[in-house]
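Student: missing the sequence, but the structure's below:
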């Protein structure tokens, strides 16, 4: 099935109403199974476009958002731009037109019709063996039709029933500077991760990793093969590679890679080391990190005032993962206040929360400052601010108390508290002096309003 986002797209709905009769085919149903067989559909989702007489016009295999990009492909089909039908008609008239032959080969390649794709890509090579008759696009780069055809033939050989890696190996040797080189290596790695002798696989992965030594995915392909073979002669090599991956990704370690490192240590008989790299403490760090990632996601969308339902869901999950993090709870309260949900903010970071921190002066001060700056929950902020000073007096805590009094419009007490902050600071603090000015200005305005 295509993504729900595509079907709900307004542009798609308008387009569908004016151009198509849509038939959804499910292989679990008799009618759907017949459609799959008739049009040789082997992968889903596949969009088949057919004429009134049932002949194939075009097809699109696979789907990825955004929906507008996918819709552009459908629109090109309706306009007969490089469709299977239009290319087939051109091919019948111009069988030596390399662009037409290549594009038709790609059509069959995309539909997993290997036999027809092989035939046409070989025709490309026969028409232009030296690659002088034109280029096509590959990831915003230009490559010749010939080079692309040789690459495609190599891919088809690897994924053929006989699974022959030699054509792709020949491609790598022939085109050492190709824009498609890394992709060719990746395709070959899918073969050598599971097949071929240990010696051949090691030879391939040594070459692959030497070309891309900073790519953790590439390094991990080699590690996976060593683990699969339980290759005791190569465990140290596997550990070396896995530790290189860990070093490359030290700021965002992937659990999958760490599992492989632990598995290598376990194969070596060192289960303590396996636990050290992939034990409870590792996963606790990942859970904590995920909680903060969810928090950041929620805060971003709350700030943008979009996607807010998802933002709330993710913040709730962050709290479940790390319920003792005052940083996350404070962030949740900040988010709820942005969304005009004071009750929810108080539920996560309000009077009930702070009861557990009545002997923590800094936590009390942070709590008081948070609510004072937002002008909410001020009575609780006042209580905690006073308690914070009682436990450990400091000039910045007196400044917090002054701010709470200021927001409560208790200006005389605010001035007294700010004066104490300045006294304890022992030197001029612009923030405190500005607060004095604000309090005096508010006091004067209040007196003027009472006249």
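Tutor: Nice, I can see it. Predicted model only: the values in this text are computed from it and were never measured.

Student: Return the per-residue confidence for residue 3.
Tutor: Listed pLDDT for residue 3 reads 46.

Student: tell me which element the closest residue to residue 121 other than its chain neighbours is part of?
Tutor: Excluding the flanking residues, the one nearest residue 121 by CB to CB, 6 or more residues apart in numbering is residue 149, at 4.3 Å. (Each C-beta comes from the backbone N, C-alpha and C, glycine too.) In this structure, residue 149 sits in helix 145-158 according to DSSP states H and E.

Student: Now do the helix or strand immediately after that helix in the chain against helix 145-158, angle only.
Tutor: Next in sequence after helix 145-158, counting helices and strands by DSSP H and E, comes helix 166-174. If you take axes from the mean of the first three to the mean of the last three CA atoms, to 10 degrees, helix 166-174 sits at 140 degrees to helix 145-158.

Student: in helix 166-174, what's buried?
Tutor: Within helix 166-174, the residues that count as buried by 16 or more other CB atoms under 10 Å are 167, 168, 169, 171, 172.

Student: What is the helix or strand following that helix packed up against?
Tutor: Scanning forward in sequence from helix 166-174 by DSSP H and E, the next helix or strand is helix 181-192. Applying 3 or more CB pairs under 8 Å, 6 or more residues apart in numbering; DSSP states H and E, one finds that helix 181-192 contacts helix 145-158, helix 166-174, helix 198-211, helix 216-229.

Student: Show me what the last one is in contact with.
Tutor: By CB atoms under 8 Å, 6 or more residues apart in numbering, the list of residues contacting helix 216-229 from outside reads 185, 189, 192-194, 198, 201-202, 205-206, 208-209, 212-213, 231, 234-235, 237-238, 241-242, 244-245, 248-249, 254, 256-257, 260-261, 263-264, 267.

Student: hang on, residue 137 is in a strand, isn't it?
Tutor: Yes. Under DSSP: H, G, I helix; E, B strand; the rest coil, residue 137 falls within a strand.

Student: how near is it to residue 145?
Tutor: Distance check for residue 137 against residue 145: by CB to CB, to the nearest Å, it reads 11 Å.

Student: Ok, residue 269 next?
Tutor: As judged by CB to CB, residue 269 and residue 145 stand 54 Å apart.

Student: between those two, which one's more packed in?
Tutor: residue 145 (24 against 11; other CB atoms under 10 Å).

Student: Does that one touch residue 98 like I think?
Tutor: Yes. Using CB atoms under 8 Å, residue 145 makes contact with residue 98 at a distance of 5.3 Å.

Student: where do the contact lists of these two overlap?
Tutor: 124, 128, 133, 134.

Student: Please flag which of those sit within strands.
Tutor: Secondary structure assignment by DSSP state E places none of the shared contacts of residue 145 and residue 98 in strands.

Student: where does the stretch 1-150 of the chain have low pLDDT?
Tutor: 1-25, 27-28 (pLDDT under 70).

Student: The residue nearest to residue 121: neighbouring residues, count only.
Tutor: 29.

Student: same thing with residue 34?
Tutor: Count around residue 34 with other CB under 10 Å applied: 12.

Student: And it, how far from residue 41?
Tutor: 11 Å.

Student: Domain parsing of the protein, as residue ranges.
Tutor: With domains defined by automatic domain parsing, the chain comprises 1-81, 82-192, 200-278, 281-349, 359-451.
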